[in-house]
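*Asks:* Need a 3D model of the sequence below.
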Amino acid sequence: PLIYAMDEAAGRVYPYGNYCPMWGRYGARKPVRTVNEARKILQEYFADESVKIDRIDEKRWYFQTEIRDKDDKLIDRLIVDKRTGRIRSIY
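*Replies:* Here you go, the predicted model:
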């Protein structure tokens, strides 16, 4: 099962200390080359959550996106490292 670190007061889920049997800790643990690959990793990471993965921007070393709740409120800003597939919060 997925385990999320939560801000209990806000009920928010963050990608800290997580382990997913399919992807390993913090993401894919393999190079991520395209926006579509980054989106797939994030969709699987947040599969059990009712969140929206916003537009994904490609930077030199990573992909960056915002995670929003069902009311379009910003929950977190994330990056997916292109070399490692690691998902990190930058919020």
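
*Asks:* wouldn't P31 be in contact with R86 here?
*Replies:* No. If you go by Cβ atoms under 8 Å, P31 and R86 don't touch, sitting 11.0 Å apart. Just so you know, the C-beta spots here come from the backbone N, C-alpha and C atoms, and that holds for glycine as well.

*Asks:* More neighbours: the two, which one.
*Replies:* R86 (20 against 11; other Cβ atoms under 10 Å).

*Asks:* who's the more buried one bridged to?
*Replies:* Beta-bridge pairing for R86 (DSSP bridges): G27.

*Asks:* what's the pLDDT at it?
*Replies:* With respect to pLDDT, R86 scores 90.

*Asks:* Kindly report the same for E44.
*Replies:* 89.

*Asks:* beta partners of E66?
*Replies:* Beta-bridge partners of E66, as defined by DSSP bridges: R77.

*Asks:* can you give me the strands for this protein?
*Replies:* In the chain, the strands defined using DSSP state E lie at 5-7, 12-14, 19-20, 24-25, 52-53, 57-58, 62-68, 74-81, 87-89.
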